[in-house]
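[1] could you work out the structure for the sequence below:
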Amino acid sequence: MMDSQEKTLELGQTEEVNKVEEQPAAAEPQPETAEAPQVETTEEQPETAAAAEAQQPEDATEQQPETEEQQPEAAEQQPEAEEQPERKQYATKQEVLERVKELAHSDEVPRKDEVDYLKTTFYKLHIAEREAQQKAYIDGGGDPATYQVTPDETEEAFKAEMVLIREKRAQQFKEQEAEKAANLKRKQDIIEKLKTMATSPEEANKAYQEFKALQAEWREIKNVPAEKANELWRTYQLYVEQFYDLLKLNSEAREYDFKKNLELKTRLCEAAERLADEADVISAFHQLQKLHQEYREIGPVAKELRDEIWARFKAASTVINKRHQQHFEQLRAKEEENLARKTALCEKVEAIAQEENKGSGDWERHTKEIIDIQTEWKTIGFAPQKMNVKIFERFRAACDEFFGRKAEYFKTLKSTFKENADRKRALIEKAKALQDSTEWKATSDKLIALQKEWKTIGMVPKKLGDQLWEEFLGACNKFFEARNAAGAGQRSEEHQNLEKKRDIIAQLKAAAEEAGENVQETVQKLVEQYGQIGHVPFKEKDKLYEEYHAVLDKLYKDLNISVARRRLNNFKQNLKQVAERGENALDNERARLMRQYEQLKQEVQTYENNLGFLNASSKKGNSLIDEMNRKVQKLKDDVELVKQKIKAIDAENQTKE
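    The predicted structure is shown next:
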C-alpha cells in the first residue's frame, strides 16, 4: 500500500529541452568548443519533509497507506547527476552523424544524456581534425598566419540534424505537460470519490472494494504538475485516513500485518544504513530513493513502534542526503572556481586583443600567448551552468577579435608582398635580357642600376625572397663573369696595383707608430697616392679595403685628438687679444660659436638619419656606412671642440668679473 507521500522523483517532472550549441569556425587555432551543459535532473524536488503521520485506526487489518511517517530529507532541490550508461565509442564524425540522423528521424525521442554525449564527441573529433589539418599545412611549409579553415559539410549536416532533435524533444516536453495536466484531473476526480466514501461507516464498509480500486488507480497515475503535487497528496491522504478510520476490520489480521510490515521496514532501515558506506554518493542517493518508494508501499506497524522505526529510517536517510548535498556543494564551489579562472583568461585575451601590433613579430608573439591561454582554458572544467555558455562566448569573442584583426593585417601584408615580388620579377627579366651582352661598360652600368633599384624594393616572404634573389644574382653573375673573362689581360695590372696599395698600407702603419708634427702631412700624401692607384683583384678588394681603413681610422682618431687639443690651446691663448678688440668681442665670438655648434649638431643628426636608410646587407652598402660613420665621428669631434671653446669664453668672462 502507498505511504504518506508520492515518490519524490514523480512530483512534477519538468524536463528542460536542451539546446544544441553550435560550434564556431575560425581561421586561427580555436579555443575549446562550448562545453556541454552538465547533466541536470528533469524532476523538481519536493519540500524536504512532509507533514507528520496521522494515527492508524486500531482495527485495521488491510495493508493501509502510511500516514504517520515523514518523507526523508531530500538534498535541497539539488540537481542530480544521472547515472551514465556505457557509451559507444565513435572513431569518426561520420559515425556520430549517422547516429544523430537515426535519432532525428526515428519515432523514439532521444535521451538528453545521449544527445549531449554525441554533441561532445562530434566536436572533440571536429577540433582534433581541424588541428591535424592545420599542423599538416604548417609542416608542409605553409604560413600559419595565412591558414584558412575550409567549410565542413559534415558539421553543417550535424547542426541541421541536431535542430530536428531539439524540435522533437520540445514536442515531447509539450506532450509531457499535457499528460501531467490530464493526470492532475484524474487524481482530483479520485479525491472527490474518496471524499464521498468517507462520510459514514456504512458507506465505508460497502465501498471497500471500490476504495481499493481507486487506490490502485491512483498509484498507476504518474506525473502531475510540480506546484500541485504536495497539496494534492495531502488532500488524498486526508480522505484515505478518514476512510480507514471508519472501517471495522478484524483485530487479529491487523496485528499480523503490523508484524509483517515491521520486518519489511526493519530490512529497509538496514539497507539504508549500509548506504553510508557506499563510495558513489550519487548511486547511494538513487538507491535511497528506491528504498523510500518501497517504504511507502509497506503498510503501518504497531502504533507504539511507529515513531521508533520511522526515526531509524529517517536518520539513515539524513546521512545519505547530507553526503549528497555536500557533494553538490563541492561541485558548485569548484564550478565557481573554474568560472573565476576562465574570467581571468578572458581578461588576458581581451587585453592582448587591444594591444597595438607594430609588425609581424608582435602579431606572432601575441598569437603564441593566446594559443597558450587557449590550451590552459581546455584544462579547466565546467563553470556554473547558467554562466558556462556565456563565459565561453566571451572568450571566443575576444579570440575572434584578435584573429580577425590579425587576418586583416596579413591580408594587407600579403598584397604588399605580391606587389614587391612582381617588381623583383620584372627586374629579373631585365637582368636576364642583359646577361649575354658584350657591351661591357654600358651593360655594367645598367646592371648596377638594376641592383640599386632592387635594394629599394620592400620585403617579400623569406623563402620566395631567397629564390628571387638567387635568380637575379645568377643573371648578374653570368654577365660579370663573362666580362671578367674578357678582361683577363687586366689581371696583371690589378696584381701590381695590389702590391702598391699594400706598400702604402705598410707606410701608413709605420706612420701610426711615429709622433711628430709632420705625421698629418705624410698621411695625407699617402692617402692621395692610394687613391690614384687603379683596381685590384676582385677577391682581394674587401680584405684590402678593411685593412686600409682600419689603419686610417686609427691615424685619424689620434690626429683628430692631437689637432683638437692644439686648436683649443691656441684658441685659449688668443682669448685676451679677442677681448681687447672691444667690450662685446667675447660675447660676439661666443654667439658665433653657438651658431657653429648648432649647425654641427644638425649635420650630425642628418648623417645619422641617412645611415638608417642604408641597406647594410650588401658589401657596397657596408663601405658607404663605414665612410659615413667616419664623417659622423669627425663632426662629433668638431662639436666637442666648439663646446670646449664656449666653455673657455665663459671661464674668461668669469675671470674678468
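
[2] residue 272 contacts residue 310, doesn't it?
    No. In this structure residue 272 lies outside contact range of residue 310 using Cβ atoms under 8 Å: 11.9 Å. Every C-beta, even on glycine, is put in place using the N, C-alpha and C of the backbone.

[3] can you pull the poorly scored residue ranges out of the stretch 501-650 of the chain?
    Applying pLDDT under 70 to the stretch 501-650 of the chain flags residues 512, 514-518, 559-570, 572-583, 613-623.

[4] one more time with 80, if that's ok
    For the stretch 501-650 of the chain, applying pLDDT under 80 flags the ranges 508-524, 526, 551-590, 593, 604, 607-637, 639-645, 647-650.

[5] returning to that earlier point: residue 272 and residue 310: who's more crowded?
    residue 272 (25 against 22; other Cβ atoms under 10 Å).

[6] now do the same for the more buried one: helix, strand or coil?
    Three-state call for residue 272 (DSSP: H, G, I helix; E, B strand; the rest coil): helix.

[7] for residue 328, see how far away the nearest residue in space to it that is not next to it in sequence is.
    Nearest residue to residue 272, sequence neighbours excluded (Cβ to Cβ, 6 or more residues apart in numbering): residue 316, at 3.6 Å. Distance of residue 316 to residue 328, given as Cβ to Cβ, to the nearest Å: 20 Å.

[8] residue 408: how many residues sit nearby?
    10.

[9] and it, what element?
    helix 385-434 (DSSP states H and E).

[10] quick check: which element contains the closest residue to residue 650 other than its chain neighbours?
    Taking Cβ to Cβ, 6+ apart, and ignoring the residues beside it in sequence, residue 650 has residue 590 as its nearest neighbour in space, at 7.6 Å. Using DSSP H and E, residue 590 sits in helix 585-611.

[11] in terms of secondary structure, what does that helix contact?
    Secondary-structure packing of helix 585-611 (3 or more Cβ pairs under 8 Å, 6 or more residues apart in numbering; DSSP states H and E): helix 538-580, helix 619-656.

[12] which elements pack onto the last one?
    Based on contacts counted as 3+ Cβ pairs under 8 Å, 6+ apart, the elements that helix 619-656 packs against are helix 538-580, helix 585-611.

[13] just so I know, which of these lies nearest residue 261?
    helix 585-611 (103.2 Å; Cβ to Cβ).

[14] quick check, central residue of this protein?
    Among the residues of the chain, the one closest to the centroid is residue 374, at 2.8 Å (Cα atoms, centre = their mean).

[15] elements contacting the helix or strand harbouring that residue?
    Here residue 374, judged by DSSP H and E, is contained in helix 360-378. In terms of contacts (3+ Cβ pairs under 8 Å, 6+ apart), helix 360-378 is packed against helix 303-354, helix 385-434.

[16] let me have those in JSON lines, adding mean pLDDT and distance to residue 449 as columns.
    Converted to JSON lines, the helices and strands packed on helix 360-378 look like this (pLDDT from 0 to 100; distance: least, Cβ to Cβ, whole Å):
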{"stretch": "helix 303-354", "mean pLDDT": "91", "distance to residue 449": "46"}
{"stretch": "helix 385-434", "mean pLDDT": "86", "distance to residue 449": "10"}
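
[17] so for residue 130, which of the ones you listed sits nearest?
    Across the helices and strands packed on helix 360-378, the minimum distance to residue 130, taken as Cβ to Cβ, is reached by helix 385-434, at 13.8 Å.

[18] helix 303-354 and that closest one, what's the angle between them?
    20 degrees (axes from the mean of the first three to the mean of the last three Cα atoms, to 10 degrees).

[19] chain center to helix 385-434, what's the gap?
    In terms of Cα atoms, centre = their mean, to the nearest Å, the centre of helix 385-434 is found 19 Å from the chain centre.

[20] go on, stretch 186-194?
    With Cα atoms, centre = their mean as the basis, the mean position of stretch 186-194 lies at 60 Å from the chain mean.

[21] now do stretch 530-544
    The answer for stretch 530-544 is 59 Å, by Cα atoms, centre = their mean.

[22] report pLDDT for residue 163.
    Residue 163 carries a pLDDT value of 90.

[23] after the host helix or strand of residue 477 comes which helix or strand?
    Taking DSSP H and E as the definition, residue 477 sits inside helix 462-486. The C-terminal neighbour of helix 462-486 among helices and strands, as given by DSSP H and E, is helix 491-513.

[24] that next one - contacts with which helices or strands?
    helix 519-532, helix 538-580.

[25] the first one relative to helix 491-513, how many degrees between them?
    For the pair helix 519-532 and helix 491-513, the angle between their directions (the same axes, to 10 degrees) equals 170 degrees.

[26] now residue 601: closest residue in space that isn't a chain neighbour?
    Once flanking residues are discounted, residue 601 sits nearest to residue 639: 6.1 Å by Cβ to Cβ, 6+ apart.

[27] what's near enough to touch the nearest residue to residue 631 once chain neighbours are set aside?
    Sequence neighbours aside, residue 607 is the residue nearest to residue 631 in space, at 6.1 Å (criterion: Cβ to Cβ, 6+ apart). Going by Cβ atoms under 8 Å, 6 or more residues apart in numbering, residue 607 touches 628, 631-632, 635.

[28] can you tell me how far residue 607 is from residue 630?
    10 Å.

[29] sorry, back to before: what about the residue nearest to residue 601, distance to residue 652?
    As judged by Cβ to Cβ, residue 639 and residue 652 stand 21 Å apart.

[30] please apply the same query to residue 211.
    For residue 211, the distance to residue 652 - Cβ to Cβ - is 131 Å.

[31] which one's more surrounded, these two?
    Comparing residue 211 with residue 652 by neighbour count (other Cβ under 10 Å), the higher total belongs to residue 211, at 21 against 18.
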